[in-house]
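Q: Here is my input, please return the structure:
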Amino acid sequence: MSAPKTQSRRATSRSKGKLGELSADETRSFYRQMLMIRRFEERAARAYTEANIGGYCHLNLGEEAAVIGITAAMRKSDYLYTNYREHGYALARGIAPERLMAELFGRQDGVSKGWGGSMHMFDVATRFMGGYGIVGGQIPLATGTALAIDYRSGTEAVVCLMGDGTTNIGAFHESLNLAAIWNLPAVYVVNNNGLGMGTTVEQSSAEPELYKRAAAYRMSSARIDGNNPETVYAAMLKALESARNGKPYLLEVMTGRMKGHSVVDPAKYRNTDEVAAVQAADPVTAYASELLKRGVLLEGDLAELDAETKAAVHAAVLFAEQSPHPDVTTLFDYNYATPVPNDSQRLPGERLYPAEELPA
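A: Take a look at the predicted model:
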């Protein structure tokens, strides 16, 4: 393979508006979207306990400000790769809550036709390039997408999300190194909630200030407060502007996790003070208070928006419940993009060979 272009990418049109400058309508939209993620995730947690959602289920509760700030700064043409904590990002990228809930329920009308579930949904239309259950599995793919953009001199950027624990994976370092050498249009975002499952960052990382790791690759980086969507938005605009001009960026977003690692995790590794601190920093409540102070929202608006959001989530659940289960004959439809010789289509419990073909 010939070496990628190493010169800086040509300048493109500026990101929308001045860095971080938002109208009242945009801030209201931020709050509305944060509230949708909150109510959707709360309902997903309930659906899991009702056995309507199978497998693993990881929620964005407490990360709503980070989700909205990150995605609002992106263009529709940009690509987004996430890890397994992805529901909020899927909503923010424009996937309808009905299709998202149906996917969680494993139904045919889901965004991935019911075969992806909570951790593996994918949608080309919104350039939502999937959640990945393997820690760090998304990073090389996101870097490869950035390389493809660079080869064709495109103007898109790639945003690759990960948790704090992922920065200890080899693919993290290999990918950042290549992105820096090849001047790729990529922003790597670390959502640092302080815990890799139940282990603190300080216990698992020799350098717990994760943004500093970018220095090893001479890559620009920053650590920001992830509890305010406007702060995240402004930082992401700066990061994306850098990436579009051939300078990849590492952004560490300090955010909270209001529940355990997954729905089934009781989070007993946290003491009462730690739990109280996370609840006190609730980004949805804090942003509502901020918009009330500015006069952007009124008390009555909060109740109205909450009622509308709950109704939309309820409708999504009804849609998911009424959607049919995928037909078992479609189980292997998306294994490969093109036909593969000797691809096994054997279902669990079926013979490896038909009875008449069994060796004598």
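
Q: Would you mind listing where the stretch 1-150 of the chain has pLDDT under the threshold?
A: 1-20 (pLDDT under 70).

Q: Let's see that with 90 instead.
A: Per-residue confidence of the stretch 1-150 of the chain (counting by pLDDT under 90) places the weak regions at 1-21.

Q: Could you pull out the helices in it for me?
A: 24-49, 64-72, 87-92, 97-104, 138-151 (DSSP state H, counting those that start in this stretch).

Q: Nearest to Leu297, out of the ones you listed?
A: Nearest to Leu297 among those is helix 24-49 (6.6 Å), distances taken as Cβ to Cβ. To be clear about C-beta, it is placed using only N, CA and C from the backbone, and glycine gets the same treatment.

Q: gap between the closest one and the chain center?
A: Helix 24-49 has its C-alpha centroid displaced from the chain centroid by 14 Å (Cα atoms, centre = their mean, to the nearest Å).

Q: Which other helices and strands does that helix contact?
A: Secondary structure elements in contact with helix 24-49, counted by 3 or more Cβ pairs under 8 Å, 6 or more residues apart in numbering; DSSP states H and E, are helix 64-72, helix 87-92, helix 97-104, helix 229-244, helix 283-294, helix 299-322.

Q: Quick one: residues in contact with the last one.
A: By Cβ atoms under 8 Å, 6 or more residues apart in numbering, the list of residues contacting helix 299-322 from outside reads 31-32, 35-36, 39-40, 43, 47, 52, 96-98, 100-102, 104-105, 107, 109-110, 288, 292.

Q: Go again with 6 Å.
A: Outside helix 299-322, the residues within contact range by Cβ atoms under 6 Å, 6 or more residues apart in numbering are 32, 35-36, 39-40, 43, 97-98, 101-102, 105, 107, 288.

Q: Can I get the buried part of these as one ChimeraX selection?
A: ChimeraX command restricting these to the buried ones, with burial defined by 16 or more other Cβ atoms under 10 Å:
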select :35,36,39,40,43,97,98,101,102,105,107,288
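
Q: Let me have the contacts of helix 299-322 in a markdown table, adding distance to Leu347 as columns.
A: Conversion of the contacts of helix 299-322 to a markdown table gives the following (distance: Cβ to Cβ, whole Å):
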| residue | distance to Leu347 |
| --- | --- |
| Arg32 | 44 |
| Leu35 | 43 |
| Met36 | 38 |
| Arg39 | 38 |
| Phe40 | 33 |
| Arg43 | 33 |
| Pro97 | 32 |
| Glu98 | 30 |
| Met101 | 27 |
| Ala102 | 23 |
| Phe105 | 22 |
| Arg107 | 20 |
| Ala288 | 50 |
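
Q: Show me the two of the contacts of helix 299-322 that sit farthest apart.
A: Maximum pairwise distance in the contacts of helix 299-322, criterion Cβ to Cβ, is 32.9 Å, between Arg107 and Ala288.

Q: What residues does the closest residue to Tyr84 other than its chain neighbours make contact with?
A: By the measure of Cβ to Cβ, 6 or more residues apart in numbering, the closest residue to Tyr84 outside its immediate chain neighbours is Met119, 4.1 Å from it. Met119 makes contacts with 56, 84, 131, 133, as judged by Cβ under 6 Å, 6+ apart.

Q: what sits up against stretch 217-225?
A: 176-177, 180, 211, 214, 231, 235, 242, 248-254.

Q: Find the pair from the residues you listed with maximum spatial separation.
A: When the contacts of stretch 217-225 are compared pair by pair using Cβ to Cβ, the two farthest from each other are Asn177 and Thr231, 28.7 Å apart.

Q: the more surrounded of those two?
A: Thr231 (17 against 14; other Cβ atoms under 10 Å).

Q: how close does that one sit to Lys247?
A: Plainly put, Thr231 is 21 Å away from Lys247 if you go by Cβ to Cβ, to the nearest Å.

Q: do His325 as well
A: When Cβ to Cβ is applied, the distance between His325 and Lys247 equals 47 Å.

Q: neighbour-wise, which of those two wins?
A: For His325 and Lys247, the more surrounded residue by other Cβ under 10 Å is Lys247, and the numbers stand at 20 against 10.

Q: That one belongs to a helix?
A: No. The assignment for Lys247 is coil, going by DSSP: H, G, I helix; E, B strand; the rest coil, so no helix is present there.

Q: Leaving out sequence neighbours, find the closest residue to it.
A: Counting by Cβ to Cβ, 6+ apart, the nearest residue to Lys247 once its immediate chain neighbours are dropped is Ser220, at 6.2 Å.

Q: that older thread, closest one to Gly196 out of the contacts of helix 299-322, please.
A: For the contacts of helix 299-322, the residue nearest Gly196 by Cβ to Cβ is Phe40; the value is 24.8 Å.

Q: So the closest one versus Asp282, what's the distance?
A: Between Phe40 and Asp282 the distance, using Cβ to Cβ, works out to 16 Å.

Q: Please apply the same query to Glu41.
A: Counting by Cβ to Cβ, the gap between Glu41 and Asp282 amounts to 13 Å.

Q: Of those two, give the one with the bigger neighbour count.
A: Glu41 (26 against 19).

Q: dump the residue contacts of that one.
A: Glu41 makes contact with 59-61, according to Cβ under 6 Å, 6+ apart.

Q: Let's have those in a markdown table, adding neighbour count and distance to Asp164.
A: Below are the contacts of Glu41 laid out as a markdown table (neighbours: other Cβ atoms under 10 Å; distance: Cβ to Cβ, whole Å):
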| residue | neighbour count | distance to Asp164 |
| --- | --- | --- |
| Leu59 | 25 | 17 |
| Asn60 | 27 | 15 |
| Leu61 | 23 | 17 |
